[in-house]
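S.K.: Using only what follows, build the 3D model:
(2 chains)
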Amino acid sequence: MSTDDISLEIAGVSKFYGGVTALGDVTMSVDGRGITALIGPNGAGKTTLFNVISGFGGGYEGSISFDGTELTRLKPHQVARTGVVRTFQTPVGFRTLTVAENLMIALTGDRLDKPWAPFLHWREDRRRMLAARREADALLDQSGIGRLRDAFMADLSPGDLKLIEIVRQLALKPRMLLLDEPAAAMAVDQIATLSQLIKGIVANGVGVLVIDHNLGFVLELADRVHVLESGRVIASGTPDEIGADAKVREIYLGSEESADVA
Amino acid sequence: MSVSFLVTIATLALVFSMGSMLLNVESSWGGMWDLGIAGQIAVGAYTYALLTGPPDSAVPGFDLPILAGMIGAAVVVGVVSTVIGWPALRLRGEYFLITTFAFAEILRQLIVIRKDVTGGTFGITSVKKPFAETFTFEAYPYVMLGLTLVLALVVWALCTRLGNSAYGLTLRAARDNEALAQSMGTSISAIRISTYAAVGAMCGFFVAPAYVWFLGALVPSIFVSSLTFTIWTGLVIGGLGSKAGPLLGALVLTIGSEMIRLVEVSPEHAQIISAFHPLLVGLLLIGVLRWRPGGLISERTSFTRSRARLASASATSETDRTPSAQTGSL
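M.R.: Numbers count the residues shown, from 1 in each chain, chains lettered A, B, ... in the order given. Model prediction:
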């Protein structure tokens, strides 16, 4: 798929909760230029894997690296600074702030996040705030949600929040974006918009790893698919191969009903 | 008589308002529910009194200039806050609250025990006040009021600047959603410990010396938890998270509740009147929370103007010049 060798390498990752194996020796290579999907029934360990990659998982066995940078023992904010950025399954954002301000958090950077910075770097702080606001407005306009810029996050609908979740994390200019169920609870026309957005992200040279329950959406979108079941990778391949895999059909599709209930 | 009483009440109200404004930064914006602010003020007050006190008193001081005492208090409280914050900030919500509460009590007990440097329960009776020799005894309360007002305005300006900055925005974001802030590259521990220490240092520089000047003498019983709760009440009445709210809230609280002392009664009724003071505070708090749950000024309202200013500056981006970004600072 790719001529570059930028990738997220997950090597022999295991994670246990008490006696339960949440992830069992998971090994996969995620292309840093394409769209990789991670599917599997509820409780298969998809979100656990996201947590582990993004530094929220606590201790685990195995190692994870991105483009040669070891992520294994990094804290969440350190992982984010390497360019591996995630979204959350239930996006609430920063509730008391406006949509534009939510994006500004991503755009002001973290150099000024010290209580003395507003005084020692007075001019730079004001300049960055204004530049961030401009950039936020431009990004929201590009994403077709410019009208929401001054709305408060607490007042928005779940669909808008889902979209803002992605747009905000994109404002961080990631190199690899991990999307946790972006299409969940979305209407059919919204999913089409989402597909376009994700294809646009990849066209800009950003790798995408996406979790979703919507098999149609995922198989249409992804270059490569990994199937997780009970914490183990049971199949990997192209969407066509996965769609035809008998084991996947049995295990994954067999539990569709229960997935829909949840 | 009653005019000088009003001046005294106003001075005290301004001292508390500085505490409320600084508490607002760490607790409302920073999400750190600090019940130990009385301890931080105590450390600052004793540091100031020791650094500036006369060398020949019962507790020998260093007789340093007032400004040196203020800076010393800022440094010491900043360091103490860092030491307290280091373990305490690993805890969340109510656990942080209880830990800071305990630390404040430990600090007060240390003040009682270390008689050699603090005077123990007897306290420190002579403190250095600014311009004390320049003005007459009758005029001095007015000087004190003016000076405290200037300090309160400086604290307001500093806190407002913090609130409108990129730092302030990130601080509030980290309060709203810790995991998300982390996933965007913010180190929660770094921004919180630096905030806790900076607020402590400002308490040491502004609140503690102003309180010492107001009191004229120090005893450990001043720094019990009721001081913390008074500062908190002012903040809640004024509006958690608003920029001018804590200033207003502490003024309303202190002036409103102390006014009862103006009621002239016979000595046998004086006790009843003084018992009315906490009742009045309670009623005021309940009233505000019942009819204005966000306080007199809410956080959302408080940031309306700064938001609008950024929005309009962004809309007119073609005419971008540095001066346009500079106008209307604070």
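
S.K.: Low-confidence regions, the stretch 201-330 of chain B specifically.
M.R.: Low-confidence segments of the stretch 201-330 of chain B (pLDDT under 70): B:317-330.

S.K.: Show me the helices in it, by range?
M.R.: Counting by DSSP state H, counting those that start in this stretch, the stretch 201-330 of chain B has helices at residues B:208-215, B:225-238, B:245-258, B:267-291, B:299-302, B:304-315, B:322-326.

S.K.: now those as CSV including mean neighbour count and distance to residue A:18?
M.R.: Quick note: C-beta positions are derived from backbone N, CA and C, even for glycine. CSV is the format used below for the helices of the stretch 201-330 of chain B (neighbours: other CB atoms under 10 Å in any protein chain shown; distance: least, CB to CB, whole Å):
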stretch, mean neighbour count, distance to residue A:18
helix B:208-215, 25, 50
helix B:225-238, 23, 41
helix B:245-258, 24, 46
helix B:267-291, 12, 43
helix B:299-302, 18, 41
helix B:304-315, 16, 47
helix B:322-326, 12, 55
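
S.K.: what's the closest of these to residue B:97?
M.R.: Nearest of these to residue B:97, taken as CB to CB: helix B:225-238 at 10.6 Å.

S.K.: Now do that closest one: everything it contacts.
M.R.: With CB atoms under 8 Å, 6 or more residues apart in numbering or on different chains as the contact definition, helix B:225-238 has outside contacts at B:16-17, B:19-20, B:23-24, B:27-28, B:35-38, B:41, B:101, B:104-105, B:244-254, B:281, B:284-285, B:288-289, B:295-297.

S.K.: Would you pull up how far that helix lies from the middle of the chain?
M.R.: Distance of helix B:225-238 from its chain centroid, counting by CA atoms, centre = their mean, to the nearest Å, is 9 Å.

S.K.: Please find the angle between the direction vectors of it and helix B:267-291.
M.R.: Between helix B:225-238 and helix B:267-291, the angle comes out at 40 degrees (axes from the mean of the first three to the mean of the last three CA atoms, to 10 degrees).

S.K.: that older thread, next, format the helices of the stretch 201-330 of chain B as JSON lines and append distance to residue B:146.
M.R.: Supplementary listing: those in JSON lines, determined by distance: least, CB to CB, whole Å:
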{"stretch": "helix B:208-215", "distance to residue B:146": "12"}
{"stretch": "helix B:225-238", "distance to residue B:146": "21"}
{"stretch": "helix B:245-258", "distance to residue B:146": "16"}
{"stretch": "helix B:267-291", "distance to residue B:146": "27"}
{"stretch": "helix B:299-302", "distance to residue B:146": "27"}
{"stretch": "helix B:304-315", "distance to residue B:146": "28"}
{"stretch": "helix B:322-326", "distance to residue B:146": "30"}
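
S.K.: And for residue 74, the neighbour number?
M.R.: Going with chain A. 17 (other CB atoms under 10 Å in any protein chain shown).

S.K.: Can you look at chain B instead?
M.R.: Residues near residue B:74, counting by other CB under 10 Å, number 23.

S.K.: What separation is there between residue A:200 and residue A:212?
M.R.: 18 Å (CB to CB, to the nearest Å).

S.K.: Look at those two and report which has more neighbours.
M.R.: Using other CB under 10 Å as the criterion, residue A:200 and residue A:212 rank with residue A:212 on top: 23 against 13.

S.K.: Might you report the residue contacts of that one?
M.R.: Residue A:212 touches A:37, A:39, A:179, A:181-184, A:218, counting by CB under 8 Å, 6+ apart.

S.K.: In PyMOL, how would I select just the buried ones from these?
M.R.: Buried residues among these (16 or more other CB atoms under 10 Å in any protein chain shown), as a PyMOL selection:
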select buried, chain A and resi 37+39+179+181+182+183+218
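
S.K.: In terms of model confidence, name the weakest of the contacts of residue A:212.
M.R.: Minimum pLDDT for the contacts of residue A:212 is recorded at residue A:184 (84).

S.K.: how about that residue, phi and psi?
M.R.: Note on residue A:184: its backbone torsions stand at phi -60, psi 140 [degrees, to the nearest 10].

S.K.: so it makes contact with residue A:213?
M.R.: Yes. Residue A:184 lies in contact with residue A:213 (CB atoms under 8 Å); the separation is 6.6 Å.

S.K.: burial measure for residue 156, as a count.
M.R.: Picking chain A for this. Neighbour tally, residue A:156, other CB under 10 Å: 20.

S.K.: Sorry, I should have been clearer: chain B.
M.R.: Counted with other CB under 10 Å, residue B:156 comes out at 18.

S.K.: show me the contacts for it.
M.R.: Applying CB under 8 Å, 6+ apart, the residues contacting residue B:156 are B:21, B:243-244, B:247.

S.K.: again with residue B:20
M.R.: With the criterion set at CB under 8 Å, 6+ apart, residue B:20 makes contact with B:231-232, B:234-235, B:238, B:246-247, B:249-250.

S.K.: sec struct for it, please.
M.R.: Here residue B:20 is recorded as helix under DSSP: H, G, I helix; E, B strand; the rest coil.

S.K.: tell me the pLDDT at it?
M.R.: pLDDT, read off for residue B:20, is 98.

S.K.: again, but for residue A:164
M.R.: 93.

S.K.: which residues does it contact?
M.R.: By CB under 8 Å, 6+ apart, residue A:164 lies in contact with A:91, A:93, A:99, A:102, A:145, A:148, A:153, A:156.

S.K.: Tell me which of those residues fall in helices.
M.R.: Judged by DSSP state H, the contacts of residue A:164 include A:99, A:102 as members of helices.

S.K.: Spit out the contact partners of the closest residue to residue B:208 other than its chain neighbours.
M.R.: Nearest non-adjacent residue to residue B:208, counting by CB to CB, 6 or more residues apart in numbering or on different chains: residue B:44, 2.7 Å away. Residue B:44 makes contact with B:73-74, B:76-77, B:203-205, B:207-209, according to CB under 8 Å, 6+ apart.

S.K.: quick one: what helix or strand has residue B:44 in it?
M.R.: Following DSSP states H and E, one finds residue B:44 within helix B:37-52.

S.K.: I'd like the average pLDDT over that helix.
M.R.: Helix B:37-52 carries an average pLDDT of 97.

S.K.: need the next SSE after it, C-terminal direction.
M.R.: Once the chain leaves helix B:37-52, the next helix or strand it forms, by DSSP H and E, is helix B:66-88.

S.K.: Could you tell me the angle between the next helix or strand after that next one and helix B:66-88?
M.R.: Sequence order places helix B:93-113 as the next helix or strand after helix B:66-88, per DSSP H and E. Relative orientation of helix B:93-113 and helix B:66-88, computed by the same axes, to 10 degrees: 130 degrees.

S.K.: Just the buried residues of helix B:93-113, please?
M.R.: B:96-97, B:99-101, B:103-105, B:107-108, B:110-111.

S.K.: Find the nearest non-adjacent residue to residue A:227, please.
M.R.: residue A:235 (4.2 Å).

S.K.: Are there helices or strands packed against the helix or strand where that neighbour lies, and which ones?
M.R.: Following DSSP H and E, one finds residue A:235 within strand A:232-237. The contact analysis (3 or more CB pairs under 8 Å, 6 or more residues apart in numbering or on different chains; DSSP states H and E) places strand A:232-237 against strand A:20-31, strand A:224-229, helix A:246-248.

S.K.: Just say which of these is most tucked in.
M.R.: Ranked by mean neighbour count under mean count of other CB atoms under 10 Å in any protein chain shown, these are led by strand A:224-229, which reaches a mean of 23.

S.K.: partners of that one in the sheet?
M.R.: strand A:35-39 (parallel), strand A:232-237 (antiparallel) (DSSP bridges).

S.K.: What is the neighbour count of the residue nearest to residue B:72 when sequence neighbours are not counted?
M.R.: Excluding the flanking residues, the one nearest residue B:72 by CB to CB, 6+ apart is residue B:51, at 4.5 Å. Counted with other CB under 10 Å, residues neighbouring residue B:51 total 21.
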